[in-house]
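Colleague: Here is a sequence with its predicted model. Questions after.
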Amino acid sequence: SGHALQPLVDAARPIFAMYGQEANLRWHVNDVPGTHNYERENREEFYKMLGKHFFAGQTFDWHEIPCADEVKTAEQCKVPMPENNESFNSLAKKLMADLPKSISARGATRLSSSKSSEGSVSITDAERRAVLRDIVHLKDYEVAAEKKSSGPRQLAAANESLQVTAWQLKLGKDWTVPAVELSRNANKGTTIIIADQGRKSAGEQIKRLLESGQRVIAVDPFYFGESTIPERDALYALLLACVGERPLGVQAGQIAAIARWARSTGGEAPLSLAAVGERTCTIALVAAACEPKAIDSIELHDALPSLKLLIERNQRSDHMPELFCFGLLEYF
């Protein structure tokens with residue numbers, strides 16, 4: 001309460017003032033025992049409030065009636081469960097049996113689908129992409145690239161120079177994503193690489209890509225590598241969901257925007273997206289599906305075979321927050 005109470009009071013006071021009820025704004029700090037509780041002191045403060053607002057001018061005793069002998073023991077409150085009682089996980093396994101649904105099941109109000117000569121609904125790739133963008137709430141960002149450092153580096157294992165450029169990629173007004181660009185002479189194409197353990201863990205894949213003639217851009221999108229949140233990171237995914245966003249849509253939007261930027265700086269050479277790990281592979285799939293003009297191909301390492309595997313494993317959302325994207329498994 002020492003630091004949390006005042007901002008709440010400051011936020012509430014103007015609302016009470018709008019209704020001419022500033023005198024009714026009250027608060028109570030519980031010090032006995034001062035925990036997250038609804039014990040006697042807190043209850044009696046609540047009774048006082050009821051007396052003031054609903055029984056004004058009447059005799060009202062806010063003291064709690066003795067009731068200790070009415071409180072049941074934990075054993076008395078125990079309700080036997082039936083054998084083979086369903087759990088959330090067992091229910092989810094049954095519910096996912098018929099998923100994913102046909103996209104046409106989302107209804108004509110959301111799609112401009114046409115019927116084929118046989119009468120069935122024909123769904124175009126563009127319409128599938130529109131549904132996917134809608135489900136993940138894909139964000140479209142403009143990239144402002146700021147070069148932090150650049151220069152050649154001599155490779156220890158070969159008599160060859162590698163051009164290394166560090167970037168800060170500002171995505172709209174919301175995010176800044178760190179990236180490192182590595183290239184040799186006469187690049188055959190560009191590959192953006194992301195990894196569950198951060199871009200620093202993808203050294204083996206980066207080396208192979210460079211040897212095959214690729215210009216490589218190693219990126220740490222939201223939640224990964226240098227863009228991780230040190231403490232209670234899963235709560236930030238919940239906060240995003242609370243305001244109607246999806247972490248997966250933010251991440252895929254970041255990668256799609258970076259792909260457009262990389263395409264614009266890489267000439268006519270093809271652009272590929274590589275990912276290492278179950279989480280970033282899913283992000284890569286969503287980004288590539290939603291940004292087909294910029295991303296020509298994808299390369300996945302250790303990808304999920306299906307989103308159903310999360311339910312089969314009984315996976316926790318705080319371990320893979322972006323993969324718990326509401327409505328995604330329903331159609332994809």
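Modeller: Looks like it came in fine. Since the model is a prediction, treat every value here as computed from it, not as a measurement. Numbering: from 1, shown residues only.

Colleague: Which residue comes closest to residue 303 once chain neighbours are left out?
Modeller: residue 281 (3.6 Å; CB to CB, 6 or more residues apart in numbering). For glycine as for every other residue, the C-beta is placed from the backbone atoms N, C-alpha and C.

Colleague: Now do the SS call for residue 140.
Modeller: Three-state call for residue 140 (DSSP: H, G, I helix; E, B strand; the rest coil): coil.

Colleague: mind listing the strands for this protein?
Modeller: Along the chain, counting by DSSP state E, strands occupy 114-115, 121-122, 143-154, 161-171, 175-183, 189-195, 214-219, 271-276, 297-301.

Colleague: what pLDDT, on average, does the first one get?
Modeller: If I follow you right, that is strand 114-115. The pLDDT scores in strand 114-115 average 52.

Colleague: Repeat that for the second one.
Modeller: Model confidence over strand 121-122, given as mean pLDDT, is 61.

Colleague: try the fifth one
Modeller: Averaged over strand 175-183, pLDDT sits at 95.

Colleague: Please apply the same query to the fourth one.
Modeller: Across strand 161-171, the average pLDDT comes to 93.

Colleague: what's the offset of it from the middle of its chain?
Modeller: 26 Å (CA atoms, centre = their mean, to the nearest Å).

Colleague: Report the inter-axis angle for it versus strand 175-183.
Modeller: With axes from the mean of the first three to the mean of the last three CA atoms, to 10 degrees defining the directions, strand 161-171 sits at 160 degrees from strand 175-183.

Colleague: ok, and what's touching strand 161-171?
Modeller: Residues from elsewhere that reach strand 161-171 (CB atoms under 8 Å, 6 or more residues apart in numbering): 141-155, 176-184, 210, 219, 253-254, 257-258, 261.

Colleague: quick one: strands adjacent to it?
Modeller: strand 143-154 (antiparallel), strand 175-183 (antiparallel) (DSSP bridges).

Colleague: The residue nearest to residue 303: neighbouring residues, count only.
Modeller: Residues lying near residue 281 (other CB atoms under 10 Å) number 23.

Colleague: Now for it: which residues touch it?
Modeller: Residues in contact with residue 281 (CB under 8 Å, 6+ apart) are 275, 300-304.

Colleague: Please look at residue 192 and residue 221 and confirm they touch.
Modeller: No: look at residue 192 against residue 221 with CB atoms under 8 Å: they stay out of range, at 10.0 Å.

Colleague: shared neighbours, these two?
Modeller: Joint contacts of residue 192 and residue 221 (CB under 8 Å, 6+ apart) are residue 255.

Colleague: Look up the residues forming beta bridges with residue 145.
Modeller: Counting by DSSP bridges, residue 145 is bridged to residue 169.

Colleague: What separation do you get for residue 98 and residue 12?
Modeller: 47 Å (CB to CB, to the nearest Å).

Colleague: Which one of the two is surrounded by more residues?
Modeller: residue 12 (13 against 7).

Colleague: In contact with the more buried one, which residues?
Modeller: residue 25.

Colleague: Kindly report the same for the one 4 residues further on.
Modeller: Neighbour list for residue 16: 22, 24-25 [criterion: CB under 8 Å, 6+ apart].

Colleague: Residue 24 versus that one, what's the distance?
Modeller: Applying CB to CB, the value for residue 16 to residue 24 is 6 Å.

Colleague: go on, residue 164?
Modeller: Distance of residue 164 to residue 24, given as CB to CB: 63 Å.

Colleague: Just want to know which of those two has more residues nearby.
Modeller: residue 164 (14 against 11).

Colleague: and stretch 226-244, average pLDDT?
Modeller: For stretch 226-244, the mean per-residue pLDDT is 90.

Colleague: got it, and stretch 295-303?
Modeller: Stretch 295-303 comes out at a mean pLDDT of 96.

Colleague: What are the buried residues along it?
Modeller: Using 16 or more other CB atoms under 10 Å as the test for burial, stretch 295-303 gives 295-296, 298-301, 303.

Colleague: and stretch 61-78, which residues are buried?
Modeller: Under 16+ other CB under 10 Å, stretch 61-78 has no buried positions.

Colleague: what's next to it, contact-wise?
Modeller: So stretch 61-78 is contacted by 40, 43-44, 47-48, 50-51 (CB under 8 Å, 6+ apart).

Colleague: Just the pLDDT for the residue nearest to the spatial centre of the chain.
Modeller: For the chain, the residue nearest the mean C-alpha position is residue 247 (2.0 Å; CA atoms, centre = their mean). On pLDDT, residue 247 comes in at 95.
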